[in-house]
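In: Everything below, folded, please.
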Amino acid sequence: MNQDQLVATLKRVSTATLTMQLLKRGIRQVWMFGPKPLSDGQERIAGPAFTLRFIPGREDLSGPEILKRTDLAQRRAIEECPPGHILVVDCLGLADGAAIGDILATRMQVRGVAGMVSDACVRDADGVKASGLPVWCPGAAAPASVASLSDGDLNVPIGCGGVAVIPGDWVVCDNDGVVVIPQALVQEVAEGGLEQELHEQFILQQVKDGAKIPGTYPPNADNLAKYQEWKAKTGG
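Out: Okay, here's the model as predicted:
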């Protein structure tokens, strides 16, 4: 699959399904603790990760004067994150500060960035919501990142929400949170996830029709045969 095909496929697969697909392949530490949808009704997004890493604040490395610089990693990330990618920000789990505000969010939305994930909050939250940029983060906070963090680096391995994120890994976000898929596994996980979604659609309809859980979920051999017959008839 090319990138557009992967995005289209992963948008049809829930993060809950993806965690199961990854668990089957021995990968457990993939769901971020903390980031959640900033706005109600945000649609599922998927894309490769472009990372931004902050470091702990130090008085000689941060402060209001620093904001005049145009070479800050944070400012560069807004212009360098490729369209269709998801900006994933490591703010060291900052609870009382924000990764970005409304102006930077608007610029990313205009540039075609698919969304942003952060383990810190956003400021100007109403403006960030109005920008239309899909954001997953713990919530809103008024202080800027510079109040507690110092400038870091771009597109390097990071940790976000307790999960390792390597540039080029794939990120999927929905109402259950954020899941990271190792780049080397993304195609088989996407294909396996789509098959699981289809099978569970069949199972759910059976349950709605009155089927008991034993033998249906997980399916026994008879039920698996019924699924294959249904799939052949409907074309999936």
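In: Relative to G161, how far out is A120?
Out: Distance of A120 to G161, given as Cβ to Cβ, to the nearest Å: 10 Å. Quick note: C-beta positions are derived from backbone N, CA and C, even for glycine.
In: next one: Q29
Out: 10 Å.
In: Between those two, point out the one with more neighbours.
Out: More crowded of Q29 and G161, by other Cβ atoms under 10 Å: G161, with 23 against 10.
In: thinking the more buried one is in contact with V180, fair?
Out: No - the pair G161 and V180 does not pass the contact test of Cβ atoms under 8 Å, sitting 9.1 Å apart.
In: where do the contact lists of those two overlap?
Out: Contact criterion Cβ atoms under 8 Å, 6 or more residues apart in numbering; residues shared by G161 and V180: M32.
In: which helices and strands does whichever helix or strand T19 is part of pack with?
Out: Using DSSP states H and E, T19 sits in helix 15-24. With contacts defined as 3 or more Cβ pairs under 8 Å, 6 or more residues apart in numbering; DSSP states H and E, the packing partners of helix 15-24 are strand 170-174, strand 177-181, helix 186-208.
In: domain assignment for this structure?
Out: Under the assignment automatic domain parsing, the domains of the chain span 31-181, 188-234.
In: most packed of those domains?
Out: Using mean count of other Cβ atoms under 10 Å, the stretch among the domains of the chain with the largest mean neighbour count is domain 31-181, at a mean of 19.
In: measure it end to end?
Out: 10 Å (Cα to Cα, to the nearest Å).
In: likewise stretch 81-93?
Out: 21 Å.
In: Please apply the same query to stretch 22-33.
Out: 17 Å.
In: How about residues contacting that stretch?
Out: Under the contact criterion Cβ under 8 Å, 6+ apart, stretch 22-33 has outside partners 15, 18-19, 117, 119, 136, 160-164, 177-182, 185, 188-189, 192.
In: now swap in stretch 199-210 and tell me
Out: So stretch 199-210 is contacted by T17, I213, T216, Y217, P219, N223, Y227, W230, K231 (Cβ under 8 Å, 6+ apart).
In: before we move on, which element is the nearest residue to A190 once chain neighbours are set aside in?
Out: Once flanking residues are discounted, A190 sits nearest to T9: 4.5 Å by Cβ to Cβ, 6 or more residues apart in numbering. Element membership for T9 (DSSP H and E) is helix 3-10.
In: any idea of the mean pLDDT in that helix?
Out: For helix 3-10, mean pLDDT is 96.
In: With stretch 53-60 instead?
Out: Mean pLDDT, stretch 53-60: 90.
In: What of stretch 189-199?
Out: For stretch 189-199, the per-residue pLDDT averages 96.
In: ok, now stretch 27-38?
Out: Mean pLDDT, stretch 27-38: 97.
In: Many thanks, we can stop here.
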